[in-house]
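S.K.: below are the sequence and a predicted model for it; my questions follow.
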Amino acid sequence: MPRPEKHVFVCTQNRPQGHPRGSCASSGCAEIMNEFMNEIQARNLFETIALTNTGCMGPCNMGPTVLVYPEGVMYGSLKKEDVKTIIEQHLIGGEPVADLMMPAEVW
């Protein structure tokens, strides 16, 4: 397998309902992970984009969170439709999606 150009990490942390930190699972991370998988497959991007699910990355109250390397860009409060934008603009186009990025004080 060739080295990917980008590596996308999707938080799939799951905590019990009512946990003070919340979790990305309760914010819809499964839908985000599935949409990344579907889009990567539909666009045949397996050789250029790696996709990995992770545990907690920190800002639980701003989930679902996604982290893209090698740039180290973190996105938060994502919706399913944001995935296509991230893929087209950032992962393929090389330009992070400013409107979806975590605030500087968070990441």
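M.R.: Sure, I can see it. Numbering: from 1, shown residues only.

S.K.: just the strands in this structure please.
M.R.: Assigned by DSSP state E, the chain shows strands spanning 6-11, 49-54, 66-69, 73-75.

S.K.: now the ones you listed in CSV, with mean pLDDT, distance to residue 100 and mean neighbour count?
M.R.: No exception for glycine: its C-beta is placed from N, CA and C like everyone else's. Output for these, formatted as CSV (pLDDT from 0 to 100; distance: least, Cβ to Cβ, whole Å; neighbours: other Cβ atoms under 10 Å):
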stretch, mean pLDDT, distance to residue 100, mean neighbour count
strand 6-11, 98, 13, 21
strand 49-54, 97, 17, 16
strand 66-69, 98, 9, 20
strand 73-75, 98, 5, 22
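
S.K.: possible to save these as JSON lines with distance to residue 31?
M.R.: Below are these laid out as JSON lines (distance: least, Cβ to Cβ, whole Å):
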{"stretch": "strand 6-11", "distance to residue 31": "10"}
{"stretch": "strand 49-54", "distance to residue 31": "13"}
{"stretch": "strand 66-69", "distance to residue 31": "12"}
{"stretch": "strand 73-75", "distance to residue 31": "14"}
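
S.K.: any idea which of the ones you listed gets closest to residue 23?
M.R.: strand 6-11 (8.3 Å; Cβ to Cβ).

S.K.: the closest one pairs with which strands, parallel or anti?
M.R.: Strand pairing for strand 6-11, determined by DSSP bridges: strand 49-54 (parallel), strand 66-69 (antiparallel).

S.K.: would a markdown table of the ones you listed with distance to residue 8 be doable?
M.R.: Shown next, in a markdown table, are the strands paired with strand 6-11 (distance: least, Cβ to Cβ, whole Å):
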| stretch | distance to residue 8 |
| --- | --- |
| strand 49-54 | 5 |
| strand 66-69 | 6 |
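
S.K.: right, I'll call it a day here.
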